[in-house]
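Engineer: Requesting a structural model of the entry that follows:
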Amino acid sequence: MSDFLVSARKYRPLNFEDVVGQQAITSTLKSAISNNKLAQALLFTGPRGVGKTSCARIVAREINNFKINDDNSYNIFELDAASNNGVEGIRNLIDQTRIPPQTGKYKVYIIDEVHMLSSGAFNAFLKTLEEPPSHCIFILATTEKHKIIPTILSRCQIYNFKRITIDDIVSHLKKICQIEQIEFEDEALKQIASKCDGAMRDALQLFDKVVGVNKKITSQMVVENLNSIGFDTFLEIVNLINKKDIPNLINSTNAVLDQGISGDLFLSGLSSFFRDILVSKNKLSHKLLNYDESKINKLTHLGSGLNYDFLIEYINILNESEINFQKSINQRLLVELSILKISSLELDDKKKKFKYKLIPVSTFQSQVFNSHRSKVKVQKKSKPVADINLTDFETSTLSLKSIEKEKDIVDDKHNIDEDYDEGKNITLRDITETWEEYANNQEDKGRYIIASILRISLPEFEDSTIIYSVPNNTTSIEVDQEKQQIIQFFRAKLNSKIDISLKVDKSIDKKVAYTNKEKYQLLKEKNPLIEDLKNQFKLSI
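Structural biologist: Got it, this is the predicted structure:
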């Protein structure tokens, strides 16, 4: 084995000046140490790889005035709470705190991932943490502050470490490249920094992976080694989406997936690219983009042809697909379906809602489509999704649902406009019998609610118009929805032009039996012999 040391360990900060991106915290700690006002219990919290443990070691050396190469094993103790998370481990630690340091002034206990201590261990640790011996300093480090009980938090001085910015990571990587004499491209270092989620340790791991033995870093090397997708690839895919070129779009998507790139990473990268297009639409937000000037100009030009609403909906679709990716059995199909959703998205101006519109197959003239269906001419003119040439073949975008709807509209119009008599010879008895017949028909069909509503009151007839009274607006709506069918039934039955008018009459009181006593009274009114039956068998209600 060689003596190679990974960059994350080789370039670990040795003093406060070496810590990257945490200037506010390091300056506060330096001031507290120099003024001898350092708290006896510190809590360092923040994301992974941002310098929590490194700062804890620096604090331990600074308060004891140790040099970097000093043997401080008797003064600085690093504990892993994941493997010492029980009450017994905390008791052993408490017993050790009673012994003063052999060298230096303080004994420093660095407890990493402290949130993994059990509830009993936390409670056993409370008293010592609040009033430790004067020679003891506790530094707790965690990535999940919310898992620590409040009684522990209240006894610590808390330092919140932030994610390291991309500019700070790139600047640090450039210093390492100069020390190691490595050639680099600025864009390549930005790609590494943007992929590590603000963690310097992750950035250095990716840096080691790309460098290898070439002593040179290029953007192409980063894309190939880090299993990422380049800017130009996303640019091509977005252009195909805008053109609604489905065949080439599917081919390009599958070409990316065939390179070994995971589908969720593709979805995440594409949604981030649409986010960058959204950000580029306003010059004030260009500072949020981690690209050079030429790429920002390309994004701006691309965003000029895309509406804000569409971009937000694109990101929303991709985000939902990314969430459902792990649950999907056919993950490649999920990726393809997400791309197709974006390509077929349209905004309904009337309803202010998005919908998916079928893209005519005539858009893709390079494909051969054989259809045995009869050709249907569409009378309604609609704006095409893209420039379409219909010289080779014709297609129909009619669905079964739309055909049925058109048929109903035509039939309704035919029935309504058909010539009928004025209904002068129609009597109220004819209306009443036909009304009851319609109600019975609905009851036979299992439509008991509308049948019951049609029996609430008796219809009246005046000037070729049926006047039907209902007790409330809710019932009126139910009858109004049935109105067209009733009119058609009456006109066909009586061969007369008859209309219906609804009237809300709240005085109509249709008594409904709810309790057992009310039901009994209702039955007794219909059949008085029930009272004799009740008395004979001594029944109770």
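Engineer: hey, let's count contacts and neighbours off CA atoms from now on
Structural biologist: OK.
Engineer: which stretches of the protein have low pLDDT?
Structural biologist: 1-3, 69-74, 213-214, 347-424, 508-515 (pLDDT under 70).
Engineer: give me that answer again for 50
Structural biologist: 1, 361, 365-400, 402-403, 405, 409-410, 412-417 (pLDDT under 50).
Engineer: how's it carved up into domains?
Structural biologist: 7-160, 166-225, 231-356, 399-509, 511-541 (automatic domain parsing).
Engineer: Mean neighbour count added to those domains, as a markdown table?
Structural biologist: Below are these laid out as a markdown table (neighbours: other Cα atoms under 10 Å):
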| stretch | mean neighbour count |
| --- | --- |
| domain 7-160 | 17 |
| domain 166-225 | 17 |
| domain 231-356 | 16 |
| domain 399-509 | 15 |
| domain 511-541 | 11 |
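Engineer: next structured bit after the helix or strand hosting His301?
Structural biologist: His301 is located in helix 293-303, with elements delineated by DSSP states H and E. Note on helix 293-303: by DSSP H and E, the next helix or strand toward the C-terminus is helix 308-324.
Engineer: With only the CA atoms kept, save the next helix or strand after that next one in CSV.
Structural biologist: Sequence order places helix 331-343 as the next helix or strand after helix 308-324, per DSSP H and E. Output in CSV follows, covering the C-alpha atoms of helix 331-343 (Å, rounded to 0.1, in the frame of the first residue of the first chain):
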residue,chain,number,x,y,z
GLN,A,331,-38.2,3.8,-13.6
ARG,A,332,-37.1,4.5,-17.1
LEU,A,333,-40.8,4.7,-18.2
LEU,A,334,-41.4,7.2,-15.4
VAL,A,335,-38.6,9.4,-16.7
GLU,A,336,-39.9,9.2,-20.3
LEU,A,337,-43.4,10.0,-19.1
SER,A,338,-42.2,13.1,-17.3
ILE,A,339,-40.6,14.3,-20.4
LEU,A,340,-43.7,13.7,-22.5
LYS,A,341,-45.8,15.5,-19.9
ILE,A,342,-43.6,18.6,-20.2
SER,A,343,-43.7,18.4,-24.0
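Engineer: Which neighbouring elements make contact with helix 331-343?
Structural biologist: helix 231-243, helix 246-258, helix 263-280, helix 308-324 (3 or more Cα pairs under 8 Å, 6 or more residues apart in numbering; DSSP states H and E).
Engineer: Which other helices and strands does the longest helix along the chain contact?
Structural biologist: Determined from DSSP state H, the single longest helix within the chain is helix 473-494. Under the contact criterion of 3+ Cα pairs under 8 Å, 6+ apart, helix 473-494 touches helix 428-444, helix 448-453, strand 499-504.
Engineer: Can you pull out the residues in contact with the helix holding His301?
Structural biologist: 276-278, 280-281, 286, 289 (Cα atoms under 8 Å, 6 or more residues apart in numbering).
Engineer: go on, stretch 40-57?
Structural biologist: With Cα under 8 Å, 6+ apart, stretch 40-57 has contacts from 12-14, 16, 19-20, 26, 110, 112, 129-130, 132, 136-145, 153, 155-164, 198-202.
Engineer: quick one: the closest residue to Asp168 other than its chain neighbours and Thr218, what's the gap?
Structural biologist: Once flanking residues are discounted, Asp168 sits nearest to Gly21: 6.2 Å by Cα to Cα, 6 or more residues apart in numbering. From Gly21 across to Thr218, the span is 25 Å (Cα to Cα, to the nearest Å).
Engineer: repeat for Glu78
Structural biologist: For Glu78 relative to Thr218 (Cα to Cα), the value is 39 Å.
Engineer: hang on, the earlier thing: tell me what angle the longest helix of the chain forms with helix 428-444.
Structural biologist: 110 degrees (axes from the mean of the first three to the mean of the last three Cα atoms, to 10 degrees).
Engineer: quick one, helix 473-494 and strand 499-504 angle?
Structural biologist: 160 degrees.
Engineer: And helix 473-494, how far out from the chain middle?
Structural biologist: For helix 473-494, the separation from the chain centroid amounts to 45 Å (computed by Cα atoms, centre = their mean, to the nearest Å).
Engineer: Next: stretch 102-119.
Structural biologist: 40 Å.
Engineer: what sits up against it?
Structural biologist: Counting by Cα under 8 Å, 6+ apart, residues outside stretch 102-119 touching it are 53, 56-57, 60, 63-66, 74-82, 84-87, 97, 100-101, 135-145, 147-148.
Engineer: Stretch 7-26 too?
Structural biologist: Here stretch 7-26 has contacts from 27, 30, 51, 54-55, 58, 68, 159, 161-165, 168-169, 172, 201, 204-205, 208, using Cα under 8 Å, 6+ apart.
Engineer: What about those residues, which are in helices?
Structural biologist: 27, 30, 54-55, 58, 168-169, 172, 201, 204-205, 208.
Engineer: Tell me the one among these nearest to Leu334.
Structural biologist: Using Cα to Cα, Gln205 is the member of the ones in helices among the contacts of stretch 7-26 that lies nearest Leu334, at 31.6 Å.
Engineer: Please list all residues in contact with that closest one.
Structural biologist: 6-8.
Engineer: thinking again about what came up before, between the helix holding His301 and helix 231-243, how many degrees?
Structural biologist: Using the same axes, to 10 degrees: helix 293-303 against helix 231-243 is 10 degrees.
Engineer: I'd assumed Val222 was in contact with Glu185.
Structural biologist: No: counting by Cα atoms under 8 Å, Glu185 does not reach Val222; the two are 10.4 Å apart.
Engineer: Show me what whatever helix or strand Ile137 lives in is packed against.
Structural biologist: Per DSSP H and E: Ile137 is located in strand 136-142. Packing partners of strand 136-142 (3+ Cα pairs under 8 Å, 6+ apart): strand 41-45, helix 52-64, strand 107-112.
Engineer: and that strand, which strands flank it?
Structural biologist: Strands that pair with strand 136-142, judged by DSSP bridges, come out as strand 41-45 (parallel), strand 107-112 (parallel).
Engineer: Nearest to Ile315, out of those?
Structural biologist: Per Cα to Cα, nearest to Ile315 of the strands paired with strand 136-142: strand 41-45, 31.4 Å.
Engineer: Report the distance from that closest one to the chain centre.
Structural biologist: With Cα atoms, centre = their mean, you get 33 Å for strand 41-45.
Engineer: What angle do helix 52-64 and it make with each other?
Structural biologist: Using the same axes, to 10 degrees: strand 41-45 against helix 52-64 is 150 degrees.
Engineer: Columns distance to Gln536 on top of the helices and strands packed on helix 331-343, output as CSV?
Structural biologist: Formatted as CSV, the helices and strands packed on helix 331-343 follow (distance: least, Cα to Cα, whole Å):
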stretch, distance to Gln536
helix 231-243, 84
helix 246-258, 83
helix 263-280, 78
helix 308-324, 69
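Engineer: now for those helices, which one comes closest to Glu531?
Structural biologist: Nearest of the helices and strands packed on helix 331-343 (Cα to Cα): helix 308-324, 66.0 Å.
Engineer: returning to that earlier point: let me have the helices and strands packed on helix 473-494 in TSV, extended by distance to Ser321.
Structural biologist: Output for the helices and strands packed on helix 473-494, formatted as TSV (distance: least, Cα to Cα, whole Å):
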stretch	distance to Ser321
helix 428-444	46
helix 448-453	42
strand 499-504	50
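Engineer: Relative to Lys517, tell me which of the ones you listed wins on proximity.
Structural biologist: That would be helix 448-453 among these, by Cα to Cα, at 22.8 Å.
Engineer: Following element in sequence after that closest one, please.
Structural biologist: From helix 448-453, the next helix or strand downstream (DSSP H and E) is strand 460-462.
Engineer: Quick one: work out the angle between the following helix or strand past that following strand and helix 473-494.
Structural biologist: Sequence-wise, the next helix or strand downstream of strand 460-462 (DSSP H and E) is strand 465-470. Strand 465-470 runs at 150 degrees relative to helix 473-494, counting by the same axes, to 10 degrees.
Engineer: can you list the residues that contact strand 465-470?
Structural biologist: 431, 456-461, 476, 498-506, 508.
Engineer: Kindly report the same for stretch 335-342.
Structural biologist: Everything outside stretch 335-342 that qualifies as a contact, by Cα under 8 Å, 6+ apart, is 241, 246, 250, 253, 263, 267, 314, 317-318, 321, 356.
Engineer: That concludes my questions; thank you for your assistance.
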